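> need coordinates for the following:
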Amino acid sequence: SNKNMLADCDPRRGKYLTCACIFRGENLSMREIDSQLSAIQTKESAYFVEWIPNNVKTAVCNIAPLEGGQSGTFMGNSTAIVDIFGRIMGQFKTMFAKRAYVHWYHGEGMDEMEFTEAANNIEDMVDEYQRYMDDEEEEEAEEYEHTEENSGEY
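From the prediction side, this is the model:
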């Protein structure tokens with residue numbers, strides 16, 4: 001759920017490039033964990049990119065959490081983060097145009113060029129994630145068209 005996310009984005013709006021699942025607890029079966037994750041990947045394949053094979057890594061710690069029982073942590077690199085970076089860039093550009101807080105950074109020895117360089121780096125990253133999303137959408141559209149063309153054949 002979005003309540004458990006460290007970033008305020010909806011992962012259903014993007015695709016996972018890579019993921020890591022970490023489990024803690026006694027008597028955890030690596031075979032069972034791998035089979036469950038494989039089933040999830042198959043069932044939710046629309047949310048994982050196809051061009052990175054084996055993009056989910058797992059780790060198991062056989063020492064139970066202090067509270068006892070079992071726990072799991074999921075970390076994912078999703079293209080949905082592009083929404084957040086886009087929002088941050090909009091806010092940054094507005095503040096930088098007004099030179100808000102720039103004097104503080106000048107006092108610490110930062111040059112104005114470092115701001116524009118950082119902004120360019122983030123824009124490049126946003127463009128790259130957007131390309132990943134667009135490529136996946138194009139592939140899905142091509143697959144759909146191919147399926148539609150072949151559905152009338154007997």
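> mind listing what's buried along stretch 111-122?
residue 115 (16 or more other C-beta atoms under 10 Å). Every C-beta, even on glycine, is put in place using the N, C-alpha and C of the backbone.
> what does it rub up against?
By C-beta atoms under 8 Å, 6 or more residues apart in numbering, the residues outside stretch 111-122 that reach it are 85, 88-89, 92-93, 96, 102, 105-106.
> out of those, list just those in helices.
If you go by DSSP state H, the contacts of stretch 111-122 have 85, 88-89, 92-93, 96, 102, 105-106 in helices.
> ok, and the most crowded of those?
Tallying neighbours with other C-beta atoms under 10 Å puts residue 85 at the head of the ones in helices among the contacts of stretch 111-122, with 17 neighbours.
> the closest residue to that one other than its chain neighbours in helix, strand or coil?
Residue nearest to residue 85 in three dimensions, not counting chain neighbours: residue 126, with 4.9 Å by C-beta to C-beta, 6 or more residues apart in numbering. Recorded secondary structure, residue 126: helix (DSSP: H, G, I helix; E, B strand; the rest coil).
> mean confidence for the host helix or strand of residue 113?
Remark: residue 113 resides in helix 112-151, with elements defined by DSSP states H and E. Per-residue pLDDT over helix 112-151 has a mean of 80.
> and for stretch 51-63?
What stretch 51-63 shows for mean pLDDT is 90.
> stretch 89-96 too?
Rounded mean pLDDT across stretch 89-96 is 92.
> and what of stretch 3-15?
82.
> pull out the buried positions in it.
In stretch 3-15, the ones that count as buried by 16+ other C-beta under 10 Å are 9, 11, 14-15.
> which SS class is residue 18?
Taking three-state DSSP, the label given to residue 18 is strand.
> give me the neighbour count for it.
Count around residue 18 with other C-beta under 10 Å applied: 15.
> give me the beta-bridge partners of it?
Applying DSSP bridges to residue 18 yields these beta-bridge partners: residue 77.
> residue 52 is in contact with that one, correct?
Yes - using C-beta atoms under 8 Å, residue 18 makes contact with residue 52 at a distance of 6.7 Å.
> what sits against the residue most central in space within the chain?
In the chain, the residue lying closest to the centroid (C-alpha atoms, centre = their mean) is residue 78, at 1.5 Å. Counting by C-beta under 8 Å, 6+ apart, residue 78 makes contact with 9, 11, 14-17.
> now with 6 Å, please.
11, 14, 16 (C-beta atoms under 6 Å, 6 or more residues apart in numbering).
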